[in-house]
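In: no sequence for this one, just the structure:
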């Protein structure tokens with residue numbers, strides 16, 4: 001039976017551990033022999049613009065011996081020119097895997113339900129599982145992930161926050177989310193994580209309290225207004241990651257950002273480029289973790 005990575009809902013700790021192990025072996029060059037995707041192709045449906053996700057998947061697929069096929073919404077007309085169901089069925093006839101970066105999470109769900117090959121969620125409006133896998137992998141490499149480690153996510157309760165909550169149900173760590181009123185994570189995902197977390201999950205409003213003794217401080221871009229105009233600086237300014245905020249975190253804390261960043265908004269340039277930041281390592285590890293996910297879904301574990 002095929003397995004997808006649309007969310008972490010149907011994944012267990014053993015699955016996650018297998019992906020991390022494969023990613024580590026791939027990064028270290030330990031997996032040699034016949035490429036997993038030799039003479040095979042992977043369809044990459046992208047409704048949204050992308051740099052790291054697209055390049056990491058395309059390079060990773062090529063390194064595994066496969067051929068990535070980049071498909072934009074303007075080209076295939078998903079849910080306009082042709083139904084999501086039909087696209088999933090047809091692409092399954094040509095490809096070994098489908099990677100989907102869709103505007104609506106339900107579109108990715110529909111693709112997975114229709115496709116007969118594994119579907120990988122490369123980001124939706126609700127979840128960003130591949131990003132979070134790379135983040136956890138990066139923290140494991142740094143020796144900064146475990147039951148005693150406090151990870152503070154500060155800012156908008158978006159798809160990154162939601163996927164952090166989902167993985168908190170599978171892996172043991174202290175997750176604190178600090179979001180302005182009205183910008184909390186998805187309520188159902190939050191409540192489920194609080195009830196089922198292996199470690200602990202907490203939601204708070206006060207950045208100064210939330211950041212105290214944090215081992216890791218993670219932020220992401222602020223949302224735009226519905227009209228697409230200026231960002232909500234008046235709401236989010238107290239949640240900016242800057243040197244003043246970091247004074248309350250542990251002295252050797254790590255700073256994370258999924259990138260791209262709006263410098264001077266959710267994070268200051270001196271912090272993003274400073275000694276605490278591991279944002280570029282997160283970005284690099286996307287490549288290795290994407291390959292680990294592909295290898296796992298193809299049965300390499």
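Out: Thanks, I have the structure now. On a predicted model such as this, the values are computed, not experimentally measured, just so you know. Numbers count the residues shown, from 1 in each chain.

In: end-to-end on stretch 136-151?
Out: In stretch 136-151, first residue to last residue: 11 Å (Cα to Cα, to the nearest Å).

In: show me what the longest helix along the chain is packed against.
Out: When the chain is parsed with DSSP state H, its longest helix is helix 279-297. Secondary-structure packing of helix 279-297 (3 or more Cβ pairs under 8 Å, 6 or more residues apart in numbering; DSSP states H and E): helix 13-28, helix 52-63, strand 119-121, helix 129-141, strand 254-257. Yep, even glycine has a C-beta here, placed from its N, CA and C like the rest.

In: shouldn't residue 252 be within a helix?
Out: No. Assessed with DSSP: H, G, I helix; E, B strand; the rest coil, residue 252 is coil; it does not lie in a helix.

In: all the helices of the stretch 201-301 of the chain, residue numbers only.
Out: Per DSSP state H, counting those that start in this stretch, the stretch 201-301 of the chain carries helices over the ranges 207-210, 233-236, 243-246, 269-272, 279-297.

In: could I get those as CSV with mean neighbour count, mean pLDDT and distance to residue 38?
Out: Output for the helices of the stretch 201-301 of the chain, formatted as CSV (neighbours: other Cβ atoms under 10 Å; pLDDT from 0 to 100; distance: least, Cβ to Cβ, whole Å):
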stretch, mean neighbour count, mean pLDDT, distance to residue 38
helix 207-210, 17, 98, 48
helix 233-236, 14, 92, 47
helix 243-246, 16, 98, 47
helix 269-272, 16, 98, 39
helix 279-297, 23, 98, 13
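
In: between the ones you listed, which one is closest to residue 20.
Out: Between residue 20 and these, the shortest gap by Cβ to Cβ is with helix 279-297, which sits at 6.9 Å.

In: give the contact list for residue 24.
Out: 137, 288, 292 (Cβ atoms under 8 Å, 6 or more residues apart in numbering).

In: hmm, back to that, in TSV: the helices of the stretch 201-301 of the chain, plus distance to residue 160.
Out: Formatted as TSV, these follow (distance: least, Cβ to Cβ, whole Å):
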stretch	distance to residue 160
helix 207-210	16
helix 233-236	15
helix 243-246	18
helix 269-272	16
helix 279-297	11
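
In: relative to residue 99, which of the ones you listed is closest?
Out: Nearest of the helices of the stretch 201-301 of the chain to residue 99, taken as Cβ to Cβ: helix 279-297 at 8.5 Å.

In: ok now the closest one, how far from the chain's centre?
Out: 10 Å (Cα atoms, centre = their mean, to the nearest Å).

In: any figure for the gap between the spatially most central residue of the chain and residue 162?
Out: The C-alpha lying nearest the average C-alpha coordinate of the chain belongs to residue 131 (Cα atoms, centre = their mean; 2.1 Å). Relative to residue 162, residue 131 is positioned 11 Å away (Cβ to Cβ, to the nearest Å).

In: so what's the backbone phi/psi at the closest residue to residue 203 other than its chain neighbours?
Out: Closest residue to residue 203 apart from its sequence neighbours, by Cβ to Cβ, 6 or more residues apart in numbering: residue 177 at 5.0 Å. Phi and psi for residue 177, reported as degrees, to the nearest 10, are phi -110, psi 130.

In: and residue 177, how many neighbours?
Out: For residue 177, the tally of surrounding residues (other Cβ atoms under 10 Å) stands at 24.

In: ok, it touching residue 151?
Out: No. Using Cβ atoms under 8 Å, residue 177 is not in contact with residue 151; the gap is 9.4 Å.

In: on that earlier part again, quick one, the longest helix of the chain and helix 52-63 angle?
Out: 50 degrees (axes from the mean of the first three to the mean of the last three Cα atoms, to 10 degrees).

In: quick check: residue 54 vs residue 90, distance?
Out: Distance, residue 54 to residue 90, by Cβ to Cβ: 22 Å.

In: picking up where we left off before, relative to residue 194, which of the helices of the stretch 201-301 of the chain is closest?
Out: Closest approach to residue 194 among the helices of the stretch 201-301 of the chain (Cβ to Cβ): helix 207-210, 15.8 Å.

In: that closest one packs against which elements?
Out: strand 150-154, strand 174-178.

In: what about the stretch 101-250 of the chain, any weak spots by pLDDT?
Out: Applying pLDDT under 70 to the stretch 101-250 of the chain flags the ranges 226-231.

In: backbone phi and psi for residue 200, please?
Out: The phi/psi pair for residue 200 (degrees, to the nearest 10) reads phi -140, psi 150.
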